[in-house]
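Enquirer: Everything below, folded, please.
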Amino acid sequence: MSDSEDDDRVAKLNFKKQRIHFGSLEQSQLKLDDVPVAEDQEGEEKIVEFSAAGDESTDEESADETQQMEGVQTLVDEHQAQLWEELEMKKKARNIAVPTEDKKVKEMLREMEEPICLFGEGPYERRERLKTLLVACGKISGVTTHEEESAEKREERTEGEGKSEVWYHEGTGQLKRARFFIAEYSVPRAKKRLQQAREWQLKPATVKHSEKQDVHKFVHTLNNECSQIGDTRPLSYCSISPCSNYLATASWSGLVKLWSLPSCNPVATLTGHNGRVGAVAFSPQAGHDEKAACLSSCDSDGAVNMWSMTSTKPVADLPGHGCRVARLNYHPSGRFLGTACFDHSWRLWDLEAQMEIVHQEGHSGPVYSISFHGDGSLLATGGLDSYCRIWDLRTGRAVLLLEGHLKSVLGCDFAPDGYLLGTGSEDNSVKIWDLRQYKSIYSIPAHNNMVTYCKFAGTSNNSMLLSASYDGTAKVWSHKGWMPLKSLTGHDNKVMCVDCSWDKKYIVTASYDRTFKLWTNRSIS
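Expert: Predicted structure coming up:
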């Protein structure tokens, strides 16, 4: 070991640690100034005395700090307790079910001897104040909470399910005769449709492909051949006659107008409505007898009028609708007329007997669309409750509930093949339902705005789907593939309705911009 290392070790052993003094430096300095310098042998004793004094002052200050911390902690605990109490009160107030009528709320405030109205207070603020007062006063015993209310509803539902019974009421003789007629009418048509489907399956694939190509070719060559101002107010509906010679338009002005096709010249103006006309429809028998009632229309006042091809005044009406009638449609036989009403019901009228035979409820909201099956056995209704229901006209039962749309169902139509149904909704989509599978098999993101109308056109084997929307367009979709074939653009505003002739010669769109347009691949000249 070297001499330098030995010197370092001795220096470390002789090193004297500095003392650590506790307490305030200012107080220690003052005491040192007052004490005279002592001799070397008494230095260590004085330092110990000063250290003890510093320790005593430190204990006093730490005690003060502890008291202050305890006081702050007490305030924090009180504040947290107050916040917790407020949260509990808000939670209790949220669960209290107070009356929604402002009159009853004021009566409860008067019973509690509280002001029934404060300056700038509305009905919502008044209800919240009543909840807060009930919680503060502890008067929750006589008030039903949401949890208790839901429990009571569950109990009632359970009891109702246990005691559920199918009940019937006696129908009229005319209803019985109508159901027999519908059954006898629909069965042969269903057999014919199934036979055509079997024959289609036996055809070679080249023939099938050729027929589909003809439909696609017609759609791709569609042009806007005519545009006509239909009225002074927006057009709400359009319908082409079965013979494809006439077009009927409905308007918010209360007028129904007839136009010739394909020239689009005015033929007649039908007056008789006082409200906005929502729909117009031709009877399947239109054109057989010009003096017979072959055209029907409905309006927002609940009036349903019937017209002939030779009269500008209604030849008959269907009274009894107490509110708006949104849509109407003819049964394939032409004997019955269905109406969709805003009183959450739909009605079936026997035109031969000139009476209402069915007044059916079932939707939880207004019924907006109605459509008959091609066989005549089923009826579909779409409501603003976002549901579509299928009804069997031969038994009067609701056979199927179609749920899947997020918003109102504004249009529905059966496909010519008999087992598919299309529905257009306010959620901008068109859904395709397979009635055999009881579910939706395809959802088309059809438009950028609500779909106002949808309709199938063509035969059972070669058909297409039409849709109209508030985005200002009408679109044509392929049947079974649901691919977009054509977008009919040109309107300046919402497209309210679209229709196609039975022979697929013409497509007509009616718009909010007060015009209707004729689309065809043939030259009018």
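Enquirer: Wait, a helix at N329?
Expert: No - assessed with DSSP: H, G, I helix; E, B strand; the rest coil, N329 is strand; it does not lie in a helix.
Enquirer: Name whatever forms a beta bridge with it.
Expert: Here N329 sits in beta bridges with G338, as judged by DSSP bridges.
Enquirer: Can you tell me the number of residues neighbouring it?
Expert: A count of neighbours around N329, defined by other C-beta atoms under 10 Å, yields 21. (Each C-beta comes from the backbone N, C-alpha and C, glycine too.)
Enquirer: just T232 next, same as before
Expert: Other residues near T232 number 10, with proximity taken as other C-beta under 10 Å.
Enquirer: so it sits right up against W252, yeah?
Expert: No - taking C-beta atoms under 8 Å as the definition, T232 is not a contact partner of W252, at 9.3 Å.
Enquirer: Please list all residues in contact with I182.
Expert: Contacts for I182 (C-beta atoms under 8 Å, 6 or more residues apart in numbering) come out as H331, S333, F336, G376, S377, L393, R394.
Enquirer: is it true that the fifth one touches R394?
Expert: This points to S377. Yes - counting by C-beta under 8 Å, R394 is a contact partner of S377 at 5.9 Å.
Enquirer: Pull up the overlap in contacts between those two.
Expert: Any residue near both S377 and R394 by C-beta under 8 Å, 6+ apart counts here, and that gives I182, A183, S186.
Enquirer: for these, which one is nearest V219?
Expert: S186 (30.9 Å; C-beta to C-beta).
Enquirer: By neighbour count, which bits of the helix or strand where the closest one lies are buried? Give me those.
Expert: Secondary structure assigned from DSSP states H and E places S186 in helix 173-202. Neighbour counts over helix 173-202 (16 or more other C-beta atoms under 10 Å) mark L175, A178, R179, F181, I182, Y185, S186, R189, A190, R193, Q196, W200 as buried.
Enquirer: cool, and stretch 442-459?
Expert: Neighbour-count burial for stretch 442-459, with 16+ other C-beta under 10 Å as criterion, is recorded at I444, A446, H447, M450, V451, T452, Y453, C454, K455, F456, A457, G458.
Enquirer: Just put those in CSV and tack on distance to D427, secondary structure and pLDDT.
Expert: Conversion of those to CSV gives the following (distance: C-beta to C-beta, whole Å; DSSP: H, G, I helix; E, B strand; the rest coil; pLDDT from 0 to 100):
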residue, distance to D427, secondary structure, pLDDT
I444, 12, strand, 93
A446, 10, coil, 90
H447, 10, coil, 92
M450, 8, coil, 95
V451, 8, strand, 95
T452, 13, strand, 94
Y453, 15, strand, 94
C454, 13, strand, 95
K455, 19, strand, 94
F456, 20, strand, 93
A457, 23, strand, 90
G458, 26, strand, 84
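Enquirer: I'd like those residues laid out as TSV, including distance to A415.
Expert: Putting the buried residues of stretch 442-459 into TSV (distance: C-beta to C-beta, whole Å) gives the following:
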residue	distance to A415
I444	14
A446	16
H447	20
M450	22
V451	16
T452	19
Y453	15
C454	11
K455	10
F456	5
A457	10
G458	9
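Enquirer: Which two of those have the greatest separation?
Expert: Within the buried residues of stretch 442-459, two members stand farthest from each other by C-beta to C-beta: M450 and G458, at 25.1 Å.
Enquirer: Does P314 touch W307 like I think?
Expert: Yes - the pair P314 / W307 is scored as a contact, 6.0 Å apart, by C-beta under 8 Å.
Enquirer: Stretch 189-199 - what's its average pLDDT?
Expert: Taken as a whole, stretch 189-199 carries a mean pLDDT of 92.
Enquirer: Equivalent analysis for stretch 97-105, please.
Expert: Taken as a whole, stretch 97-105 has a mean pLDDT of 82.
Enquirer: which parts of it are buried?
Expert: V98, V105.
Enquirer: try stretch 372-381
Expert: When burial is assessed from 16+ other C-beta under 10 Å, stretch 372-381 yields the following buried residues: F372, H373, G374, D375, G376, S377, L378, L379, A380, T381.
Enquirer: How about residues contacting it?
Expert: Contact partners of stretch 372-381, identified using C-beta under 8 Å, 6+ apart, comprise 182-183, 185-186, 189-190, 193, 329-333, 338, 340, 346, 348, 362-363, 367, 369-371, 388-394, 399, 412-414, 416, 418, 421, 460.
Enquirer: Which of those residues fall within strands?
Expert: Among the contacts of stretch 372-381, DSSP state E puts 329-330, 338, 340, 346, 348, 367, 369-371, 388-392, 399, 412-414, 421 in strands.
Enquirer: Buried subset of those as a PyMOL selection?
Expert: Burial among the ones in strands among the contacts of stretch 372-381 is assessed by 16+ other C-beta under 10 Å; the matching PyMOL selection reads:
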select buried, resi 329+330+338+340+346+348+367+369+370+371+388+389+390+391+392+412+413+414+421
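Enquirer: distance of the closest residue to V304 other than its chain neighbours from R198?
Expert: Excluding the flanking residues, the one nearest V304 by C-beta to C-beta, 6 or more residues apart in numbering is L318, at 4.1 Å. Relative to R198, L318 is positioned 40 Å away (criterion: C-beta to C-beta, to the nearest Å).
Enquirer: Check A183 too.
Expert: In this structure, A183 and R198 are separated by 23 Å, where distance is defined by C-beta to C-beta.
Enquirer: got it, and K103?
Expert: When distance is defined by C-beta to C-beta, K103 is 67 Å away from R198.
Enquirer: How about the residue most central in space within the chain, nearest residue that isn't a chain neighbour?
Expert: The centre of the chain sits closest to K407, judged by C-alpha atoms, centre = their mean, with a distance of 2.0 Å. In space, not counting the residues next to it along the chain, K407 is nearest to E426; the distance is 3.7 Å by C-beta to C-beta, 6+ apart.
Enquirer: That neighbour: how many residues sit nearby?
Expert: 19.
Enquirer: List the contacts of it.
Expert: H405, K407, S408, V409, L410, M450, V451.
Enquirer: how about the CA coordinates for stretch 396-403, as CSV?
Expert: In CSV, the C-alpha atoms belonging to stretch 396-403 read as follows (Å, rounded to 0.1, in the frame of the first residue of the first chain):
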residue,chain,number,x,y,z
GLY,A,396,-108.0,-10.9,-41.2
ARG,A,397,-104.9,-11.8,-39.3
ALA,A,398,-101.5,-10.0,-39.1
VAL,A,399,-99.2,-12.8,-40.4
LEU,A,400,-95.9,-11.1,-40.3
LEU,A,401,-94.1,-8.1,-38.7
LEU,A,402,-91.1,-6.8,-40.5
GLU,A,403,-88.8,-4.8,-38.3
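Enquirer: For that stretch, buried residues please.
Expert: Residues of stretch 396-403 classed as buried: L400, L402 (neighbour count, 16+ other C-beta under 10 Å).
Enquirer: Same check on stretch 278-296?
Expert: Of the residues in stretch 278-296, those buried (16+ other C-beta under 10 Å) are 278-284, 286-287, 292-296.
Enquirer: can you list these in JSON lines and add distance to L130?
Expert: Shown next, in JSON lines, are the buried residues of stretch 278-296 (distance: C-beta to C-beta, whole Å):
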{"residue": "G278", "distance to L130": "43"}
{"residue": "A279", "distance to L130": "46"}
{"residue": "V280", "distance to L130": "51"}
{"residue": "A281", "distance to L130": "52"}
{"residue": "F282", "distance to L130": "58"}
{"residue": "S283", "distance to L130": "58"}
{"residue": "P284", "distance to L130": "60"}
{"residue": "A286", "distance to L130": "61"}
{"residue": "G287", "distance to L130": "66"}
{"residue": "A292", "distance to L130": "63"}
{"residue": "A293", "distance to L130": "58"}
{"residue": "C294", "distance to L130": "60"}
{"residue": "L295", "distance to L130": "57"}
{"residue": "S296", "distance to L130": "52"}
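Enquirer: will you turn those residues into CSV that also has secondary structure?
Expert: As requested, the buried residues of stretch 278-296 are arranged in CSV below (three-state DSSP):
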residue, secondary structure
G278, strand
A279, strand
V280, strand
A281, strand
F282, strand
S283, coil
P284, coil
A286, coil
G287, coil
A292, coil
A293, coil
C294, coil
L295, strand
S296, strand
